[in-house]
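# Build the 3D model from these lines:
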Amino acid sequence: MTLDDFVEGLPDDLLYVCDTDLWIRPESDALWVIGANAFVTKHGKFLIFYPKPEGHVAERHAPLGAMETWKTAFGIEAPFDCEIIRGNPEVASSVQLAVADPYGRGWLFEVRPLDPSESKKSLMTARAYKDWLRDHARSQFEHLSHRSTVDELQFDPYRNA
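Numbering: from 1, shown residues only. From the prediction side, this is the model:
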């Protein structure tokens, strides 16, 4: 996957967070859906998704939950102050849904932003995110895309068994 392929595949009807590669779909002022973009889900080799419990309030940059890959675990940062309505139970049962359908059934969280108008200020439109990626992410994207391919070829789960 090239950067241009990835950028062209980003849905235009979503909002984006450039520093965490999350997408946001406001359903109303009280319900926003959060997911990870296709590059993250396809190259992260996700194994497990742990959302924080329903009702958890997270400040911007605090964890909403965690994802584990075969290499590491990492927190999924709140892109704005919000309350978790629920984590996606289908992704918690089968994280591959986030890989197969990252912009549809593979969403990660439904949240209630604590201040919707303020929250939108930290998000980028699809056009702005695509321009940002083209201007800032080409070398990093190509490095990660190549490294992921090399890692997949070299990965042997039985090597040290």
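
# From here on, just use CA atoms for contacts and neighbour counts.
Noted.

# can you give me the strands in the protein?
15-17, 22-28, 31-36, 46-51, 57-58, 63-69, 73-77, 82-87, 109-113 (DSSP state E).

# closest to Arg134 out of these?
strand 15-17 (14.4 Å; Cα to Cα).

# Please report how far the residue nearest to the spatial centre of the chain lies from Ser122.
Taking Cα atoms, centre = their mean, the centroid of the chain lies closest to Ala36, which sits 1.8 Å from it. Noted for Ala36: a distance of 16 Å to Ser122, by Cα to Cα, to the nearest Å.

# Kindly report the same for Pro116.
10 Å.

# So the two - more neighbours on which side?
Counted by other Cα atoms under 10 Å, Pro116 and Ser122 do not tie: Pro116 has more neighbours, with 18 against 14.

# can you count the residues close to the spatially closest residue to that one that is not a sequence neighbour?
With Cα to Cα, 6 or more residues apart in numbering as the criterion, Pro116 has its nearest non-adjacent residue at 6.0 Å, and that residue is Asp29. Asp29 is flanked by 12 other residues according to other Cα under 10 Å.

# Tell me who's in contact with Asp29.
112-113, 116 (Cα atoms under 8 Å, 6 or more residues apart in numbering).

# ok, so of those residues, who is nearest Asp131?
Distances from Asp131 to the contacts of Asp29, taken by Cα to Cα, are shortest for Pro116, at 24.3 Å.

# In contact with the residue lying closest to Gly55 once chain neighbours are set aside, which residues?
Excluding its sequence neighbours, the residue lying closest to Gly55 (Cα to Cα, 6+ apart) is Ile84, at 5.3 Å. With contact set as Cα under 8 Å, 6+ apart, Ile84 has these partners: 52-58, 64, 109-112.

# Give the residue spans of this structure that score low on pLDDT.
Where the chain drops to pLDDT under 70, the residues are 1, 43-45, 138-161.

# how about the helices in it?
3-8, 38-43, 89-93, 96-100, 116-120, 126-136, 138-154 (DSSP state H).

# Tabulate the contacts of Asp29 in a markdown table, adding columns for distance to Val7.
Shown next, in a markdown table, are the contacts of Asp29 (distance: Cα to Cα, whole Å):
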| residue | distance to Val7 |
| --- | --- |
| Arg112 | 28 |
| Pro113 | 27 |
| Pro116 | 26 |
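
# neighbours around Ile76, how many?
22.

# Relative to Asp12, how far out is it?
Counting by Cα to Cα - Ile76 and Asp12 are separated by 23 Å.

# Right, I'll leave it there.
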